[in-house]
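Engineer: give me a 3D structure for the following:
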Amino acid sequence: MSVAASMHAKLTDVFEPVHLAVVDESRLHAGHVGARPEGETHFRVEIVATAFDGISRVERQRMVYRVLKDELGDRVHALALRTLSPSENS
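Structural biologist: Alright, predicted model coming up:
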């Protein structure tokens, strides 16, 4: 399973998002520190979930980091996050 697919599956299982995009942006970072020729090192995640209702931006990010701890500890060098509740996504 690709890193992106693993991230998508974990975030879907835990947060049941109304919107989720896991975008591999590794090609934009070729030659930078942490980049690998095979990619899957730099990601952007946009997630909208009711689990984020009433939760601060920092705590939302911590929640996502906990779910993706294996990926972040091994293959993923950089992760950009946009975490919203459904009411903020309108």
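Engineer: mind listing the helices for the protein?
Structural biologist: For the chain, helices defined by DSSP state H occupy the ranges 3-15, 57-67, 69-74.
Engineer: which elements pack onto the second one?
Structural biologist: So the one you mean is helix 57-67. helix 3-15, strand 78-84 (3 or more Cβ pairs under 8 Å, 6 or more residues apart in numbering; DSSP states H and E). (Each C-beta comes from the backbone N, C-alpha and C, glycine too.)
Engineer: so which elements touch the shortest one?
Structural biologist: When you say that, I think you mean strand 78-84. Partner elements for strand 78-84 (3+ Cβ pairs under 8 Å, 6+ apart): strand 42-48, helix 57-67.
Engineer: residues making contact with the first one?
Structural biologist: Yep, that's strand 42-48 we're talking about. Contacts with strand 42-48, where a contact means Cβ atoms under 8 Å, 6 or more residues apart in numbering, come from 3-4, 7, 11, 15, 17-26, 28-29, 34-35, 64, 76-86, 88-89.
Engineer: residues contacting Val23?
Structural biologist: Val23 neighbours (Cβ under 8 Å, 6+ apart): Phe43, Arg44, Val45, Glu46.
Engineer: most neighbours, which of the residues you listed?
Structural biologist: Neighbour tally across the contacts of Val23 (other Cβ atoms under 10 Å): the maximum, 23 neighbours, falls on Phe43.
Engineer: mind listing what's buried in the lowest-mean-pLDDT helix or strand in the chain?
Structural biologist: Within the chain, no helix or strand scores below helix 69-74, which has a mean of 92 by mean pLDDT, DSSP states H and E. Buried residues in helix 69-74, counting neighbours by 16 or more other Cβ atoms under 10 Å, are found at Glu71, Leu72.
Engineer: and the residue nearest to Lys10 when sequence neighbours are not counted, how many neighbours?
Structural biologist: Nearest residue to Lys10, sequence neighbours excluded (Cβ to Cβ, 6 or more residues apart in numbering): Val67, at 5.3 Å. Per other Cβ under 10 Å, the neighbour tally for Val67 reads 16.
Engineer: who are the contact partners of Val67?
Structural biologist: Taking Cβ under 8 Å, 6+ apart, we find Val67 in contact with Lys10, Leu11, Val14, Phe15.
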